[in-house]
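In: quick one, fold the following:
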Amino acid sequence: MKRSESNKARLFTRVLPELAAAAPYFPIAAVKRRLAELHIAVTDGSLLHYLSEAVDKRIIHDAGQGWYSRLAESLTLDGKPLMHLIRLVKKEFPLLDFCCWSTQQINPFTHHILAKHTIFLYADADALSAVSDFLRAEKWDVLADPSKKDIQRLYHPGERSIILRPVISKQPPPTDHLAAPEKALVDLQIEADAVMLMDRGEARDVLFKTVSLCRVNIASLIGYAGRRRIEVLRENDSVGPHSRLLWSE
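Out: Numbers count the residues shown, from 1 in each chain. This is a model prediction of the structure:
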């Protein structure tokens, strides 16, 4: 028992602080590797119990499905710019499963404040036409799943600009029709170029800045990016001269 307590103490006072100092996010695999390097024997069952205790004690913080973070503050995106639209769509389509996010929500993390905004609304592909017709009747500037050529011809960013997209299966679950921050950050990487919101480099900088300042479900973000067939984070991505953004699995 004394040895087990000693190993837990070394995990809490050395291993976890070292990993947290080196990167904002790290997986359980990195914890196991560091324990092995230090010749600290902890069974898988005990390790899971210790990590749960470390989260409870706020030594580290849960970042989703075997990932942990040093960041205490979780990322929230201001939903106020979307409340009117959500109420409108819910009233007209009470059974519709949809979610949305706005470029206005990411303004705190951009290099240059976006003066004109676009809302992205995701719903079943079969519903896009009906939603589009309804919103146009309500004086919204709507494009239903436009191509890049359509956007070049018809896109006019502004307070009432909405782009409708088919919902992506297994996307991070929304809250009250507000897209999860992980979804918005990944979708931004795709829409930045498609809708000419900003260049790809700035979109990537927004992602890096956001997830290095506030905690996200990194497992959900990486998994959703895979669903969208893009790579958003790599082991060697850096947030400082001596700090990686995340440890590899």
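In: may I have stretch 62-73 as PDB, with CA atoms only?
Out: Listed next in PDB are the C-alpha coordinates belonging to stretch 62-73 (Å, rounded to 0.1, in the frame of the first residue of the first chain):
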ATOM      1  CA  ASP A  62     -10.800  16.400 -18.700                       C
ATOM      2  CA  ALA A  63     -10.400  17.000 -22.400                       C
ATOM      3  CA  GLY A  64     -12.500  14.100 -23.700                       C
ATOM      4  CA  GLN A  65     -12.000  10.400 -24.300                       C
ATOM      5  CA  GLY A  66      -8.600   9.800 -22.700                       C
ATOM      6  CA  TRP A  67      -7.200  13.300 -23.200                       C
ATOM      7  CA  TYR A  68      -6.300  15.700 -20.500                       C
ATOM      8  CA  SER A  69      -5.500  19.400 -20.300                       C
ATOM      9  CA  ARG A  70      -3.800  22.000 -18.000                       C
ATOM     10  CA  LEU A  71      -6.500  24.500 -19.100                       C
ATOM     11  CA  ALA A  72      -9.100  25.000 -16.400                       C
ATOM     12  CA  GLU A  73     -11.400  27.300 -18.400                       C
END
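In: quick one: average confidence on it?
Out: Stretch 62-73 shows a mean pLDDT of 96.
In: for the residue nearest the centre of the chain, what are phi and psi?
Out: Centroid-nearest residue in the chain: Glu182, 1.6 Å away (criterion: CA atoms, centre = their mean). Backbone torsions of Glu182, given as degrees, to the nearest 10, read phi -60, psi -40.
In: which ones are touching it?
Out: 172, 216-217, 220-221, 224 (CB atoms under 8 Å, 6 or more residues apart in numbering). For glycine as for every other residue, the C-beta is placed from the backbone atoms N, C-alpha and C.
In: can those go into CSV with extra columns for secondary structure, neighbour count and distance to Ala22?
Out: Output for the contacts of Glu182, formatted as CSV (DSSP: H, G, I helix; E, B strand; the rest coil; neighbours: other CB atoms under 10 Å; distance: CB to CB, whole Å):
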residue, secondary structure, neighbour count, distance to Ala22
Pro172, coil, 23, 26
Val216, coil, 26, 18
Asn217, coil, 21, 20
Ser220, helix, 22, 22
Leu221, helix, 25, 20
Tyr224, helix, 22, 25
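In: strands along this protein, start to end?
Out: 25-27, 61-62, 67-69, 98-102, 119-123, 141-144, 161-166, 238-240, 243-244 (DSSP state E).
In: out of the ones you listed, which comes closest to Leu82?
Out: strand 98-102 (5.5 Å; CB to CB).
In: who are the packing partners of that closest one?
Out: helix 83-92, strand 119-123, helix 181-194 (3 or more CB pairs under 8 Å, 6 or more residues apart in numbering; DSSP states H and E).
In: report the angle between it and strand 119-123.
Out: 160 degrees (axes from the mean of the first three to the mean of the last three CA atoms, to 10 degrees).
In: and strand 98-102, average pLDDT?
Out: Mean predicted confidence for strand 98-102 is 97.
In: contacting residues for the residue nearest to Gln152 when sequence neighbours are not counted?
Out: Excluding the flanking residues, the one nearest Gln152 by CB to CB, 6 or more residues apart in numbering is Met196, at 7.8 Å. For Met196, the contacting residues are 151-152, 155, by CB under 8 Å, 6+ apart.
In: so which of these comes closest to Gln65?
Out: Once CB to CB is applied, the member of those that ends up nearest Gln65 is Ile151, at 34.8 Å.
In: give the contact list for the residue nearest to the closest one when sequence neighbours are not counted.
Out: Spatial nearest neighbour of Ile151, excluding adjacent residues (CB to CB, 6+ apart): Val195 at 5.6 Å. Residues near Val195 by CB under 8 Å, 6+ apart: 118, 151, 155, 163.
In: thanks again, I'm all set now.
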